[in-house]
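Undergrad: Here is my input; please provide its structure:
(chains A and B)
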Amino acid sequence: DIQMTQSPSFLSASVGDRVTINCKASQNINKYLDWYQQKLGEAPKLLIYNTNSLHTGIPSRFSGSGSGTDFTLTISSLQPEDVATYFCLQHNSGTWTFGGGTKLELK
Amino acid sequence: QVTLKESGPGILQPSQTLSLTCTFSGFSLSTYGMGVGWIRQPSGKGLEWLANIWWDDDKYYNPSLKNRLTISKDTSNNQAFLKITNVDTADTATYYCARFNYGSPPFDYWGQGVMVTVSS
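TA: Reported below is the predicted structural model:
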C-alpha cells in the first residue's frame, strides 16, 4: 500500500503570505498527485491534478510541484477565502490514498 | 451538468450492513474510462478513500477494509453502490461519492455527502 504523509498538519499564516504544504509518498507515484481544498461543511474541491495542472476555475495563486515521492502545494499570496483544510491524493495505482490533511488558518 | 447525490440509512446498529447509493447525472458509467469512487470522513478528521468502480466493472478497494467492502453499479439507472459489512462505531462518518475519468482529473465532481451514524 502507498502511504501519504502530509505536513504540516496545521498552518497559521497572514493575508498575502506565501504558503506551502507538502506531501510525501512512501514510494514513487510518478506525477499522479492531486490537491483538494475542503471548507467547513462542504465537500472537497479539486484544485490541482497530476502534480501541477490547475483545475478549471481555480485561481492562479494556487500551484503544484514535485515528482516521484515529494510534492508541494503553494499558495503564492494567501487570501481570506483560502482558509480551509487541504488534502493530497495519490492515484498512481489501482488503490488510491489521501494524505492526512493540513488545516490552514489566518493569523 | 454533472451531479452526484449520496443516500443511506442515517443510523444503524453495530454488526449490521451499511448500504449506500450514489445517484448521478450528466455522465454514464457505461462510457469508456468513467468511474465512481467512495470516500468517507469521520467528523473533524481526514478523508479516507474506500473503493473505486470503473466503466468496465473493474473494482479496487482500500486494503485495510477490503474484506468488508463491496462496490457495484447499475448503469441503466445511473447509480453506484457501496456495502460495508459488520459496521461498528468507527464507521460513523460522512460518506461521499465522486466521479473520475481516464484522461481527466480524478474526483472532479463530488456529491454533498451523507452522514451515517453507527450506534447501539
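
Undergrad: could you pull out the strands for chain B?
TA: B:3-7, B:11-12, B:18-25, B:34-41, B:48-54, B:59-61, B:69-74, B:79-84, B:93-101, B:109-110, B:114-118 (DSSP state E).

Undergrad: Please work out which of the ones you listed is packed deepest.
TA: Greatest average neighbour count among these goes to strand B:34-41 (a mean of 24), per mean count of other Cβ atoms under 10 Å in any protein chain shown. The C-beta positions use only the backbone N, C-alpha and C, and glycine is treated the same way.

Undergrad: Is any residue of it near chain A?
TA: Yes: for strand B:34-41, a contact with chain A is found by Cβ under 8 Å from any Cβ of the partner chain, at B:Gly37, B:Ile39.

Undergrad: Which residues does that strand contact?
TA: Outside strand B:34-41, the residues that touch it by Cβ atoms under 8 Å, 6 or more residues apart in numbering or on different chains are A:44, A:96, A:98, B:4, B:20, B:22, B:24, B:27-29, B:47-55, B:71, B:73, B:80, B:82, B:91, B:93-102, B:106-107, B:113.

Undergrad: And for stretch B:13-28?
TA: B:1-9, B:12, B:34, B:36, B:38, B:75, B:77-89, B:91, B:95, B:97, B:99, B:101, B:109, B:111, B:114, B:116, B:118-120.

Undergrad: any idea how far it is from the chain center?
TA: 6 Å (Cα atoms, centre = their mean, to the nearest Å).

Undergrad: and what of stretch A:29-41?
TA: Worked out by Cα atoms, centre = their mean, stretch A:29-41 lies 5 Å from the chain centre.

Undergrad: And for the spatially most central residue of chain A, nearest residue in space, chain neighbours not counted?
TA: The centre of chain A sits closest to A:Trp35, judged by Cα atoms, centre = their mean, with a distance of 3.7 Å. Excluding its sequence neighbours, the residue lying closest to A:Trp35 (Cβ to Cβ, 6 or more residues apart in numbering or on different chains) is A:Ile48, at 4.2 Å.

Undergrad: Can you tell me the element the one you found falls in?
TA: strand A:45-49 (DSSP states H and E).

Undergrad: and the next helix-or-strand element following that strand, which strands flank it?
TA: The helix or strand immediately downstream of strand A:45-49 is strand A:53-54, counting by DSSP H and E. Take DSSP bridges as the rule and strand A:53-54 pairs in its sheet with strand A:45-49 (antiparallel).
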